[in-house]
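>>> what's the 3D shape of this:
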Amino acid sequence: MYKLPTRQENIAMIRICIDLATCDGGFNPGKIEALNRVVQFLQCGQSEVNEAEALNSATAMLTLQKMNEDNRDMLIMLLNNIAKGDGPINQREQYCINATKMMLNL
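Numbers count the residues shown, from 1 in each chain. This next block holds a predicted model:
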């Protein structure tokens, strides 16, 4: 049975999405819009975004490693959507997605 991500898992997913969105130099309008869609999809708000921004990426990854496989797969889908927010996925974004997959044993 599918289990929805917890609030902490959502915050951790947002943190990793922020990391991906900025991996190639910073935010741009396409990435901002993609991040907003992720936050809406996860049914989160500004409070969770603020917590995600303050969260250490390594701590976020530890939380994500404990998620069930369905939610880890969902994170990869979200990361792909973020990466495509400003056009085709570039080499740096693909590297970050692949590294995340490896850390999540996917």
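>>> this structure: helices as residue ranges?
Taking DSSP state H as the test, the helices found in the chain are 7-21, 29-41, 46-54, 57-65, 69-83, 91-103.
>>> buried deepest among these, which one?
helix 7-21 (a mean of 22; mean count of other Cβ atoms under 10 Å). For the C-beta atoms, the positions are set from N, CA and C on the backbone; glycine is no exception.
>>> re earlier: make TSV out of the helices of the chain and add mean pLDDT.
Output for the helices of the chain, formatted as TSV (pLDDT from 0 to 100):
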stretch	mean pLDDT
helix 7-21	97
helix 29-41	95
helix 46-54	98
helix 57-65	97
helix 69-83	96
helix 91-103	96
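>>> check contacts around D86.
Shown in contact with D86 (Cβ atoms under 8 Å, 6 or more residues apart in numbering): 28-31, 34.
>>> and it, how far from A34?
8 Å (Cβ to Cβ, to the nearest Å).
>>> tell me how far the nearest residue to Q94 once chain neighbours are set aside lies from C17.
Nearest residue to Q94 in three dimensions, chain neighbours excluded: A83, at 7.4 Å (Cβ to Cβ, 6 or more residues apart in numbering). Per Cβ to Cβ, A83 is found 10 Å from C17.
>>> for the closest residue to N71 other than its chain neighbours, grab the count of nearby residues.
Distance criterion Cβ to Cβ, 6+ apart; nearest residue to N71, sequence neighbours excluded, is P5 at 5.0 Å. Using other Cβ atoms under 10 Å, P5 has 22 neighbouring residues.
>>> kind regards, and thank you for your time.
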